[in-house]
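S.K.: Prediction below, plus the sequence it came from.
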Amino acid sequence: MDRVVITEARQVRLVADLERSQAYYRDVLGCEVDGWGHALRGALQLILQQAKDPADVRPNAASAKRDTYPTDWQGPDHGWDSFVFVEYGDFEALVAELRAHGADIVLGPVQDTHSDGMTFKNVYVRDPDGYTLVFGCGGREPADQPGR
């Protein structure tokens, strides 16, 4: 039996102040935001919804470490609510954009090269409700690429 193709997914975020969150995602993170609470920028697609009670807003805690990843990495040290992929060559420009628009950068940018030679770059941004969006990429530095 063939499976139906899923064409899109949007994570739902409960927020303490919908208008404040809509402004942050629009003005700081550059999303298109509508009155429904959709916050969209390329593949970053969220639906912001007003929480009934601020106690219902619960960002993720850090995950457990594990040694079963395909490299020597054992997992993040901080909680991730969304991981947003960017092109390797665009990473520095995105970090500059986030800084210029007043993003709450709580960690990074950080860079780590795994034992397989892949270099990963991440920057952690916290939204007004404490959700952490990690903007990141993986690739090889030009000097590491064959033929260079």
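M.R.: Structure's in. What do you need? Residues are numbered from 1 along each chain as shown.
S.K.: care to break this structure down by domain?
M.R.: Structural domains annotated on the chain: 1-52, 59-148, as defined by automatic domain parsing.
S.K.: JSON lines please, covering the ones you listed and showing mean pLDDT and mean neighbour count.
M.R.: Placement of C-beta: from N, CA and C, glycine included. Putting the domains of the chain into JSON lines (pLDDT from 0 to 100; neighbours: other Cβ atoms under 10 Å) gives the following:
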{"stretch": "domain 1-52", "mean pLDDT": "95", "mean neighbour count": "14"}
{"stretch": "domain 59-148", "mean pLDDT": "83", "mean neighbour count": "14"}
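S.K.: Now do the strands in the chain.
M.R.: 11-15, 32-33, 38-41, 44-50, 82-85, 104-113, 119-126, 132-139 (DSSP state E).
S.K.: Let's have those in CSV, adding distance to residue 64.
M.R.: Formatted as CSV, these follow (distance: least, Cβ to Cβ, whole Å):
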stretch, distance to residue 64
strand 11-15, 21
strand 32-33, 34
strand 38-41, 29
strand 44-50, 25
strand 82-85, 17
strand 104-113, 19
strand 119-126, 19
strand 132-139, 17
